[in-house]
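# requesting a structural model of the entry that follows:
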Amino acid sequence: MYMRKLCLALLTTTLFFTACQKVNQQQDLTGETIVTVKAIDALCGSVIFEILEESLKKYGEQNFTYKGKEYDGVFSSQLLCSEFANTNLYPNNDGSFEPSSFKVLISKNPPTYNCENATCLAILTNMPETFYFIHPIR
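Next comes the predicted model:
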C-alpha cells in the first residue's frame with residue numbers, strides 16, 4: 001500500500017511539473033524564414049527587432065522587457081554594410097528614429113558581406129539573447 005501511494009505521489013508531481021512548463025516557449029529556427037519586423041531600437045548596426053506575425057513570434061524571445069515595455073517575439077541582429085541601406089533605420093537629427101515594418105529573411109547562418117567601409121560595432125545594452133542574421137527584402 002505504501003509503494004502505491006509513493007508511486008501515485010511521484011506520478012502526480014511529474015504531471016504537475018510538466019503542466020507548469022512555459023506554454024509559449026521559443027522554438028528554434030531551422031533553415032531560413034521570411035518575417036515582418038519592426039525595430040524596437042538601433043545603435044549603429046546593432047538592432048532589436050520585434051516579429052509582427054503572431055504565428056511567427058515563437059522564433060523570438062517572449063516577455064522581453066526593454067525600456068519599461070514588454071515585447072514578444074524579439075531578437076537581436078547586426079546590420080552590416082549594404083544591409084543597413086536596405087532598411088528604414090536612418091536616425092532623425094536628434095538620434096531617434098521612427099521605425100516602420102519591413103520584411104526580412106532571418107537565418108542562423110551568416111550571409112556573405114562585401115564590406116568596403118568601416119563598420120560600427122557598438123551594441124545596445126539589454127539585447128535579446130536570440131540572434132539572427134537578416135537580409136532585408138525589397
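
# ok, and the closest non-adjacent residue to residue 122?
Computed as Cβ to Cβ, 6 or more residues apart in numbering, the closest residue to residue 122 that is not its neighbour in sequence is residue 44, at 4.5 Å. Quick note: C-beta positions are derived from backbone N, CA and C, even for glycine.

# with adjacent residues omitted, what lies nearest to residue 59?
Sequence neighbours aside, residue 29 is the residue nearest to residue 59 in space, at 5.0 Å (criterion: Cβ to Cβ, 6+ apart).

# assign a three-state SS to that neighbour, would you?
Under DSSP: H, G, I helix; E, B strand; the rest coil, the three-state class of residue 29 is coil.

# repeat that for residue 55.
Taken by three-state DSSP, the conformation at residue 55 corresponds to helix.

# where along the protein do the helices fall?
Counting by DSSP state H, residue ranges of the helices within the chain are 2-19, 82-85.

# so for the last one, what's the average pLDDT?
Spelled out, that is helix 82-85. Taken as a whole, helix 82-85 has a mean pLDDT of 55.

# and for stretch 47-60?
Here the average pLDDT along stretch 47-60 is 94.
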